[in-house]
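S.K.: Show me how the following folds:
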Amino acid sequence: MTDAARPARSENGRRDLMDIAIDCFARYGYQATSIARIADSAGLTKGAIYYHFRDKEELLFEAVANRLSQFERSVSGQILPIGDASKALRDTTRVCLDHATKSNHRRFIVTLMVEAIDTNAALAEQFRAMMQRFRGFLGEVIKAGQGQGIFRSDTDPAQAAAVYAGAVMGAEIQYYQDPQGFDLEGTVNAFLEQYLASLEVRPGGGLDKS
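M.R.: Just a heads-up that it's a prediction; the model follows:
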């Protein structure tokens, strides 16, 4: 391989390849995406891809990890430190909608998340850890709201976090199945309003016992 054909082995080079690879995976699916296809899309030789990654599976694994990290950085970067807990949940919802609708990468990640349950233990563990971190983050937001006196003290933060994560993920899946017929933004925002109403302390400081 000539120096011209070999990209610098840098983090930027690896990130560029992961961006191109995840785009190919999202367009064509994992099985139909070969190293040759990724190399052609990147304007590189296959040898240049192998310079950075052992094989297609390693490239997929690292590309997915990179995408998950981007999502987590988007959430934490825009919400932390937690100020008003209700606003934090609204901002989290906005970030989720943004990621779900602005590229087909998120759709691929969600599809792969489901497929990996029975087909790829390493990827499944990666997704499981991400969801645990996301629910943990949501739980901290709920606790912050309880500390601020705006969320009910009798709410279990872990359970409330699981409800939010499940509802938003379920809405995303429906949207990917039927993007023309399913109103993702309207559905998620309607859920958010009902969710916040269930969390918030009623006027006067009392709990709704009806």
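S.K.: Show me what whatever helix or strand residue 49 lives in is packed up against.
M.R.: When elements are assigned from DSSP states H and E, residue 49 belongs to helix 46-52. Applying 3 or more C-beta pairs under 8 Å, 6 or more residues apart in numbering; DSSP states H and E, we find helix 46-52 packed against helix 11-28, helix 35-42. C-betas here are computed from N, CA, C, even on glycine.
S.K.: worst average pLDDT in those?
M.R.: Mean pLDDT is lowest for helix 11-28 among the helices and strands packed on helix 46-52, at a mean of 82.
S.K.: Then residue 159 would be within a helix, right?
M.R.: Yes: assigned with DSSP: H, G, I helix; E, B strand; the rest coil, residue 159 falls within a helix.
S.K.: Any buried residues in the lengthiest helix in the chain, and which?
M.R.: Looking across the chain with DSSP state H, the single longest helix is helix 121-147. Neighbour counts over helix 121-147 (16 or more other C-beta atoms under 10 Å) mark 123-124, 126-127, 130-131, 134-135, 137-146 as buried.
S.K.: One more: stretch 68-75?
M.R.: Here stretch 68-75 shows 68, 71, 74-75 as buried, counting by 16+ other C-beta under 10 Å.
S.K.: Can you add pLDDT and secondary structure and give these back as JSON lines?
M.R.: Output for the buried residues of stretch 68-75, formatted as JSON lines (pLDDT from 0 to 100; DSSP: H, G, I helix; E, B strand; the rest coil):
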{"residue": "68", "pLDDT": "86", "secondary structure": "helix"}
{"residue": "71", "pLDDT": "86", "secondary structure": "helix"}
{"residue": "74", "pLDDT": "84", "secondary structure": "helix"}
{"residue": "75", "pLDDT": "84", "secondary structure": "helix"}
